[in-house]
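Colleague: just need the structure, nothing else, for what follows:
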Amino acid sequence: MTVGIRADIAVRGVRVATPVRRPAGAGPSDDGHLVIDGGNAALPIDPHSPYEIRDDKIWLGEQDTGLSLQVVRRPAFYDLSTADGVGYEQIARLHGKDVLATTVVQTCIRYAEEQRCRFCTIEESLRAGATVAAKTPAQLAEVAEAAVRLDGVRQMVMTTGTTTGPDRGARNLVRSVRAVLEAVPGLPIQVQIEPPGDLVVIDDLYAAGASSIGIHVEALDDAIRRRWMPGKGSVPMAEYEAAWDRAVAVFGRNQVSTYLLIGLGEEPGDLVAGAARLIERGVYPFVVPLRPMAGTLARRDGVTAPPPSVVRDVSERVATLLRDAGMLGADQKAGCAACGACGILQAAGG
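Modeller: Reported below is the predicted structural model:
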């Protein structure tokens, strides 16, 4: 029952006010950040959802679902600014109850409509003034130190828009990781990159101190990749496979992950089979339901989230594969799979 409810609320959301939200960016949803039964959860905040919160529990009408829910409080570091007047919240944001996340470069060479990933709004938050185009290593270090000290942040995620260089933006993350770890030694950090032209950058990220790495493909079917990600989909799958293999060799099995989005048109059986192949490589397939954000091409074109029954089916089957392989999200040192908020894999036992 719990996994079924989690799949349902992942798509249908809850009725609750949340002070910590992510209204735009490079991810698959613009949900509110909550804690369900002690674990991070990012759920759609929908006044029309049949689920409501009473006495810190999730109710469906008069039925107590048995799930507890707490709202993530606004972190104290959001009230601070750098010496040159940049708000800390514009540099990095709280995800869940204990994850600091930042997009180091908030622009992307693939953001023109004919190239853009249809689920992405990486530049919309920049246009809205909610962030700055490029975060310096010094700014990231300053915010990370405050977030750990004031709000108990336990891990950090650094992603980036794709740049024109052959490293596709990865080299900048090397400098950022070093700076943060000088300010906060031992903080687990996940870096998220496209496959770099020179795979030695993966070694450099590890040497800088990154704990884990995400190389996100979102879909394994080339036709779906071309339809949903015209620019990013032009990167051959062979480059992803080479990057995953190098990353597993460097970071270790189950410290490498990739998003797989449920709802792009891939058949559930094919998606699960693809996840199985990734697990064999030592790569954690973080399956997550697509919930199109405002400002995305998908939302503009009327794309909706996948049925909760499909989210549950895929998540449960992938979770079983992960358990059988001894690869749990909770065993990742940092990152989206370690947080688990955007999907239900951890609730399903993966």
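Colleague: from now on I want contacts and neighbour counts done on CA atoms only, so please keep to that.
Modeller: Noted.
Colleague: so what's the nearest residue to residue 199 once chain neighbours are set aside scoring on pLDDT?
Modeller: Take residue 199 and drop its neighbours on the chain: the residue closest to it by Cα to Cα, 6 or more residues apart in numbering is residue 243, 6.6 Å away. Note for residue 243: predicted pLDDT of 98.
Colleague: any idea how far residue 243 lies from residue 18?
Modeller: Distance of residue 243 to residue 18, computed by Cα to Cα, to the nearest Å: 38 Å.
Colleague: same deal with residue 35?
Modeller: Residue 35 is 11 Å from residue 18, by Cα to Cα.
Colleague: who touches both of these two?
Modeller: 71-72 (Cα atoms under 8 Å, 6 or more residues apart in numbering).
Colleague: mind listing the helices for the stretch 1-150 of the chain?
Modeller: 2-12, 88-91, 124-127, 137-151 (DSSP state H, counting those that start in this stretch).
Colleague: still on that earlier bit, hmm, the residue nearest to residue 199 is touching residue 200, no?
Modeller: No. The pair residue 243 / residue 200 is not scored as a contact, 9.8 Å apart, by Cα atoms under 8 Å.
Colleague: who's more crowded, those two?
Modeller: Using other Cα atoms under 10 Å, the more surrounded residue of residue 243 and residue 200 is residue 243, with 22 against 13.
Colleague: residue 318: neighbouring residues, count only.
Modeller: 27.
Colleague: neighbouring contacts of the helix or strand residue 285 falls within?
Modeller: In the assignment (DSSP states H and E), residue 285 maps to strand 283-289. Outside strand 283-289, the residues within contact range by Cα under 8 Å, 6+ apart are 10-11, 28, 244, 248, 253-263, 275, 278-279, 305-306, 311, 314-315, 318, 322, 327, 329, 336-337, 342-345.
Colleague: and the strands in this structure?
Modeller: 32-36, 39-43, 51-54, 57-60, 63-71, 93-95, 99-103, 155-159, 189-192, 212-214, 256-262, 283-289 (DSSP state E).
Colleague: elements contacting the third one?
Modeller: Packed against strand 51-54 by the contact rule (3 or more Cα pairs under 8 Å, 6 or more residues apart in numbering; DSSP states H and E) you find strand 57-60.
Colleague: for the fifth one, same thing?
Modeller: The contact analysis (3+ Cα pairs under 8 Å, 6+ apart) places strand 63-71 against helix 2-12, strand 32-36, strand 57-60.
Colleague: strands paired with it, and their directions?
Modeller: strand 32-36 (antiparallel), strand 57-60 (antiparallel) (DSSP bridges).
Colleague: and these: which comes nearest residue 300?
Modeller: Evaluated over those, closeness to residue 300 peaks at strand 32-36, with 21.1 Å, by Cα to Cα.
Colleague: buried sites along the closest one?
Modeller: By neighbour count with 16 or more other Cα atoms under 10 Å, strand 32-36 contains the buried residues 32-36.
Colleague: and which of these is nearest residue 96?
Modeller: Closest to residue 96, out of all of the buried residues of strand 32-36 and judged by Cα to Cα, is residue 33, at 5.1 Å.
Colleague: so the closest one touches residue 39, yeah?
Modeller: No. Using Cα under 8 Å, residue 33 is not in contact with residue 39; the gap is 10.7 Å.
Colleague: among the contacts of strand 283-289, name the ones in helices.
Modeller: 10-11, 244, 248, 275, 278-279, 311, 314-315, 318, 322, 336-337 (DSSP state H).
Colleague: lowest average confidence, helix or strand, in the chain?
Modeller: helix 124-127 (a mean of 88; mean pLDDT, DSSP states H and E).
Colleague: low-confidence ranges in the stretch 101-250 of the chain?
Modeller: For the stretch 101-250 of the chain, no stretch has pLDDT under 70.
Colleague: count the residues that sit near residue 140.
Modeller: Neighbour tally, residue 140, other Cα under 10 Å: 21.
Colleague: residue 198 now?
Modeller: Using other Cα under 10 Å, residue 198 has 11 neighbouring residues.
Colleague: about what we covered before: just the buried ones from the contacts of strand 283-289?
Modeller: 10-11, 28, 244, 248, 253-263, 275, 278-279, 305-306, 311, 314-315, 318, 322, 327, 329, 336-337, 342-345.
Colleague: quick revisit: what is the nearest of the ones in helices among the contacts of strand 283-289 to residue 223?
Modeller: Distances from residue 223 to these, taken by Cα to Cα, are shortest for residue 275, at 17.4 Å.
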